[in-house]
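[1] structure for this input, please:
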Amino acid sequence: VVAERLLPLSVPQVLVPDSRVALGRVCQALAGHPSRALTTIGITGSAGKSCTAMLLASILEAAGQTAGVMSSLGHSDSLAQSPPPETTPTPPEFADWLRRMQLARCGAGVLELSSEALAERRTSGIALDLALVTNIKNVPLSRHNTAAAYRKVTRRIFNLLKKGGV
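    Sure thing, here's the model as predicted:
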């Protein structure tokens, strides 16, 4: 059991500071850290994420580089597509689709990263080459309470950058 405090259980337990971070990292590790092998682009912001993701994937394809996409419009590993998800992807879903992109020999993975995914640390363990913030107006206060809280969550995307990432 991975937990933030000792539990009254008679099974082995690993204590971590943040179990959500640990889940994301474990999922990425079990998938073989696929984002390390791909050119990975993460996009966040209050508007324009899906459009930017589709445009970037199209530009990469036009330049001869196969790209996978995870977006609210659907997921693709360049070989197979999945309809739009009903909810923000979970850490296992992020890991699975990135692994599928790697197995399909994609050169790049373009990821739409919602503020919810960043707030809930669903993206932990993902390594980005490029982080984009498309827009920070029309802040979704229903999820983040204040504009300052939203900006703080949005900045988490930069913590996912690989060494030398932009």
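[2] next up, the contacts around G109.
    G109 makes contacts with 34-35, 38-41, 67-70, 97-98, 101, as judged by Cβ atoms under 8 Å, 6 or more residues apart in numbering. C-betas here are computed from N, CA, C, even on glycine.
[3] what is the most widely separated pair among those residues?
    When Cβ to Cβ is used, the two most widely separated members of the contacts of G109 are T39 and W97, lying 15.3 Å apart.
[4] if you count surrounding residues, which of the two has more?
    More neighbours surround W97 than the other of T39 and W97, with 22 against 17 (other Cβ atoms under 10 Å).
[5] which residues does E112 bridge with?
    In this entry, E112 is beta-bridged to I43, by DSSP bridges.
[6] circling back to that earlier point, inside strands: which ones of the contacts of G109?
    T39, T40, I41, A67, G68, V69, M70 (DSSP state E).
[7] surely the second one and L111 touch.
    Yes - look at T40 against L111 with Cβ atoms under 8 Å: they come within range, at 6.8 Å.
[8] overlap in contacts, the two.
    I126, L128.
[9] so which of the contacts of G109 is the closest to I157?
    Of the contacts of G109, the one sitting nearest to I157 (Cβ to Cβ) turns out to be I41, at 10.7 Å.
[10] not counting sequence-adjacent ones, nearest residue to the closest one?
    L130 (4.5 Å; Cβ to Cβ, 6 or more residues apart in numbering).
[11] need the contact list for Q81.
    G74, H75.
[12] test my guess that G125 contacts P91.
    Yes - assessed by Cβ under 8 Å, G125 is found in contact with P91 at 7.4 Å.
[13] give me the residues contacting stretch 36-43.
    Taking Cβ under 8 Å, 6+ apart as the rule, stretch 36-43 contacts 49, 52-53, 56, 65, 68, 98, 101-102, 106-113, 123, 126-134, 157, 160, 162.
[14] write the ChimeraX selection for whichever of those are buried.
    Buried subset of the contacts of stretch 36-43, written as a ChimeraX selection, criterion 16 or more other Cβ atoms under 10 Å:
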select :49,52,53,56,68,98,101,102,106,107,108,109,110,111,112,113,123,126,127,128,129,130,131,132,133,134,157,160,162
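[15] now, the contacts of stretch 36-43 that are in strands?
    G68, A108, G109, V110, L111, E112, L130, A131, L132, V133.
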